[in-house]
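*Asks:* Any chance you could fold what I've pasted below:
(chains A, B, C and D)
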There are 2 protein chains.
Amino acid sequence: MEKLKQKLAGDGYKLTKSRLAVLEYLSGHHAAGSARDIHKHIKHCDQASIYRTLNLFEELHLVNVEIIGKEKIYCLADEPHHHIICKKCGYMEAIKCHHDFGRFKNFKDVFHHLTLTGVCNKCA
Amino acid sequence: MEKLKQKLAGDGYKLTKSRLAVLEYLSGHHAAGSARDIHKHIKHCDQASIYRTLNLFEELHLVNVEIIGKEKIYCLADEPHHHIICKKCGYMEAIKCHHDFGRFKNFKDVFHHLTLTGVCNKCA
DNA sequence: TATCCACTTGCGAACCGTTCGCATTTGTGT
DNA sequence: ACACAAATGCGAACGGTTCGCAAGTGGATA
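*Replies:* Numbering: from 1, shown residues only, chains lettered A, B, ... in the order given. Prediction:
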């Protein structure tokens, strides 16, 4: 998380309460959450700021985004990983990432995002 | 595309004009499009039906979904492939899929979806 | 081919996650 | 401590998507 703060500050962004609160939320035991979740949890912060913060973090690749239903679910991009999600109950497991999709002749600055969906044993 | 029709019929779904039109749109030279694109192109069909059709196709894994901005982009899942997308201009290239993410101990019926984003040479 | 009926569609309004505009506040360099 | 650009709070608006229900239709049956 300190790394992420430094990245923010280094890029010229202010370390505001909203941003720190979102970082803290995502690095705590709440590994992942939607904008709504985060806003519910951080009461002193307006929802528009939450959204602006999350969009910024996404641009800077500080967070990874998963789309579940119609909500975006955010988690810190501290170490490369993906998620496998049960499409019935939303149960989610983290998976370490060993992929390298860096080499494409027509593209630069390539990032990848892998979504795995299935049905967990409980729901099956 | 015939395969997809058979899949639909085999699962007990009717081959209605809307569904066939959407299939045709996606298998034509329009390889991919949003619900809005499709609706614009298929005038005789209501937007709610387009959405219902696309949701059905997504459930049945007849189409793959890419999220660009806040829109969903659909393409036929006729053969396994992914896309790499320029985050500045939306330019998109298809990439053959050679991955197998089938084996997870806690999940069944696993599907995967890989999104690659970057900046294309023109925009760089 | 005529009939039937569950499945689909069309229509319009509603939904809801997200974004916008602008006045106010705040972090940070000087 | 000061100044100023950057960020926030507030409320309303936006836009993609979905809902409810009456009317229409594909496909099985005889």
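
*Asks:* where does chain A come near chain B, residue by residue?
*Replies:* By the rule C-beta under 8 Å from any C-beta of the partner chain, the part of chain A lying against chain B is A:67, A:84, A:86, A:93, A:101, A:104, A:106-121, A:124. Bear in mind the C-beta positions are built from the backbone N, C-alpha and C, glycine included.

*Asks:* Name only those of those that count as buried.
*Replies:* For those, a burial check counting by 16 or more other C-beta atoms under 10 Å in any protein chain shown picks out A:67, A:84, A:86, A:93, A:101, A:107, A:112-120.

*Asks:* Name every strand pairing with the longest strand belonging to chain A and say which way it goes.
*Replies:* In chain A, with assignment by DSSP state E, the single longest strand is strand A:107-120. The strands beside strand A:107-120 in its sheet (DSSP bridges) come out as strand A:81-86 (parallel), strand B:107-120 (antiparallel).

*Asks:* thinking in terms of the whole chain, how far from its middle is it?
*Replies:* 13 Å (C-alpha atoms, centre = their mean, to the nearest Å).

*Asks:* Show the average pLDDT along that strand.
*Replies:* Predicted confidence along strand A:107-120 averages 92 (mean pLDDT).

*Asks:* And stretch A:42-55, by the same measure?
*Replies:* 96.

*Asks:* what distance separates it from the centre of its chain?
*Replies:* That offset, for stretch A:42-55, works out to 14 Å (C-alpha atoms, centre = their mean).

*Asks:* How about that stretch and DNA strand C, any contact?
*Replies:* Yes: using C-beta under 7 Å from any atom of the strand, stretch A:42-55 reaches DNA strand C at A:47-48, A:51, A:55.

*Asks:* A strand includes A:Asn64, no?
*Replies:* Yes: A:Asn64: assigned to a strand according to DSSP: H, G, I helix; E, B strand; the rest coil.

*Asks:* That one: neighbour count?
*Replies:* By other C-beta atoms under 10 Å in any protein chain shown, 22 other residues sit near A:Asn64.

*Asks:* Hmm, it is touching A:Glu79, no?
*Replies:* No: counting by C-beta atoms under 8 Å, A:Asn64 stays clear of A:Glu79, with 10.6 Å between them.
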